[in-house]
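Engineer: When you get a sec, could you give me coordinates for this:
(one chain, ligands or ions: 1)
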Amino acid sequence: MAGAGEKPFRARQLSTHYFSRLAHEPAQWTDIPAAAREKLAAELLPELMSVVRHISCDDDMTRKTLWRLHDGTLVESVMMRYPDRVTMCVSSQAGCGMNCPFCATGQAGLDRNLSTAEIVHQIVDGVRALRDGEVPGGGPERLSNIVFMGMGEPLANYKRVVGAIRRLTDPEPDGLGLSQRGITVSTVGLVPAMTRFADEGFKCRLAVSLHAPDDELRDTLVPVNTRWKVREVLDAAWEYAAKSARRVSIEYALIRDINDQAWRADLLGRLVKGKPVHVNLIPLNPTPGSQWTASRPEDEAAFVQALEDHGVPVTVRDTRGQEIDGACGQLAATER
Ligand code: SAH
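Structural biologist: Residues are numbered from 1 along each chain as shown. Okay, here's the model as predicted:
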């Protein structure tokens, strides 16, 4: 603020407008002289991104937003309303460099990292839209959960994502004042970044996209496995659980006849039994051009049973947003 030739106390005023009042139009900043508003907006809170469109489905309980960033880059976020909570799924990168063959984002490659502000604004605008009654559907009007499960690998954009978590969870007006416990960071398993993340001291949940319990298959489903193996990824996950005192979530997309065999369920159960863990099975959302599809119901049920036989807590994820390409792994930001 001093650099912009303004009184330092105006920093708090601007921060209050952005994070507490969710007043993003300079015209709303009535405690700042009218003549200074546009200049401050241009220098300190420029319009970073604009909504290209919103698309809803699931009786308006799911809404996907396509954003255009200042340089023309496209990214997507998804809001999911439930009777008792609201979850936002946000992007940390435009595209993704991890190249998982079943994921739509992975097919297009990495465009670029998002800035902290670009990550944060997806959520700040979602909170504002909820407050202003702009999101159809019903249920609570307060955001309860954030999942870094949109486009990108959050731990590959480490500093911006950690910065975003601070802005989201710092008390107002320095941040949005959301709970760290309501935030989930999902990773393919970048082991050094997982270790570093464990040392940040956050109470966030870590989700690990395992998808296979054996290195031979995981090397093909999550190619970064050729660098960090199942054993190393799980060890880093247990370390995170110990340091955060939170259960780790193991994500496992069930792909018919690829990773859904009984022996793999049993092997997964043996790897994670007795650990602070929750296994989240995701019916695969088929992506265009892929031969792969979701498991048969009987194979899914057998997979669940095998994990339960090991005493492992397991749930099958409810799939939202399928017909708007807003479901897990479908965010590809194609302009149609
Ligand atoms: N890069 C991070 C976060 C983004 S993806 C990660 O991989 O964890 C969020 C979750 O959706 C991951 O578990 C990912 O493997 C899963 N996913 C991707 N494509 C999917 C698809 N087509 N069907 C089901 N889940 C998918």
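Engineer: Show me which residues of the stretch 151-300 of the chain sit near the ligand.
Structural biologist: Within the stretch 151-300 of the chain, the residues that sit near the ligand (C-beta under 6 Å from any ligand atom) are 153, 186-188, 209, 251, 253, 282, 284-285, 287. To be clear about C-beta, it is placed using only N, CA and C from the backbone, and glycine gets the same treatment.
Engineer: Wasn't residue 315 part of a helix?
Structural biologist: No: judged by DSSP: H, G, I helix; E, B strand; the rest coil, residue 315 forms no part of a helix; its state is strand.
Engineer: Now do the contacts for the residue nearest the centre of the chain.
Structural biologist: Ranked by distance to the mean C-alpha position of the chain (C-alpha atoms, centre = their mean), the top residue is residue 148 at 1.5 Å. Residues counted as contacts of residue 148 (C-beta atoms under 8 Å, 6 or more residues apart in numbering) are 90, 92, 154, 161, 183-186.
Engineer: Number of residues surrounding the nearest residue to it once chain neighbours are set aside?
Structural biologist: Nearest residue to residue 148, sequence neighbours excluded (C-beta to C-beta, 6 or more residues apart in numbering): residue 154, at 4.2 Å. Other residues near residue 154 come to 30 when the count uses other C-beta atoms under 10 Å.
Engineer: go on, residue 318?
Structural biologist: Neighbours of residue 318 using other C-beta under 10 Å come to 10.
Engineer: That one: what secondary structure?
Structural biologist: Relying on three-state DSSP, one would call residue 318 coil.
Engineer: distance of it from the ligand?
Structural biologist: 12 Å (C-beta to the nearest ligand atom, to the nearest Å).
Engineer: one step back: so which of the contacts of residue 148 belong to helices?
Structural biologist: If you go by DSSP state H, these have residue 161 in helices.
Engineer: from the contacts of residue 148, which single one is nearest the ligand?
Structural biologist: The nearest member of the contacts of residue 148 to the ligand, counting by C-beta to the nearest ligand atom, is residue 186 at 3.5 Å.
Engineer: If the closest one is in a bridge, with which residues?
Structural biologist: residue 207 (DSSP bridges).
Engineer: per-residue pLDDT, it?
Structural biologist: Per-residue confidence at residue 186 stands at 98 (pLDDT).
Engineer: do you know how far it is from residue 96?
Structural biologist: 12 Å (C-beta to C-beta, to the nearest Å).
Engineer: which one of these two has more residues nearby?
Structural biologist: residue 96 (27 against 22).
Engineer: Can you report how many residues lie near residue 38?
Structural biologist: Other residues close to residue 38 by other C-beta under 10 Å number 11.
Engineer: tell me which element it is part of?
Structural biologist: Counting by DSSP states H and E, the element that carries residue 38 is helix 34-44.
Engineer: Partner strands of whichever strand or helix holds residue 278, with direction?
Structural biologist: Using DSSP H and E, residue 278 falls within strand 277-283. When pairing is defined by DSSP bridges, strand 277-283 lines up against strand 248-254 (parallel), strand 314-316 (parallel).
Engineer: three-state assignment of residue 79?
Structural biologist: strand.
Engineer: Contact partners for it?
Structural biologist: 62-63, 65, 86-89, 126, 129-130, 135.
Engineer: Out of those residues, which sit inside strands?
Structural biologist: 62-63, 65, 86-89 (DSSP state E).
Engineer: Now narrow those residues to whatever sits close to the ligand.
Structural biologist: Among the ones in strands among the contacts of residue 79, the ligand is touched by none when using C-beta under 6 Å from any ligand atom.
Engineer: how about CSV for those, with distance to residue 310, pLDDT and neighbour count added?
Structural biologist: Listed next are the ones in strands among the contacts of residue 79 as CSV, based on distance: C-beta to C-beta, whole Å; pLDDT from 0 to 100; neighbours: other C-beta atoms under 10 Å:
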residue, distance to residue 310, pLDDT, neighbour count
62, 33, 92, 23
63, 38, 94, 25
65, 40, 96, 23
86, 33, 96, 22
87, 28, 97, 19
88, 33, 98, 23
89, 29, 97, 27
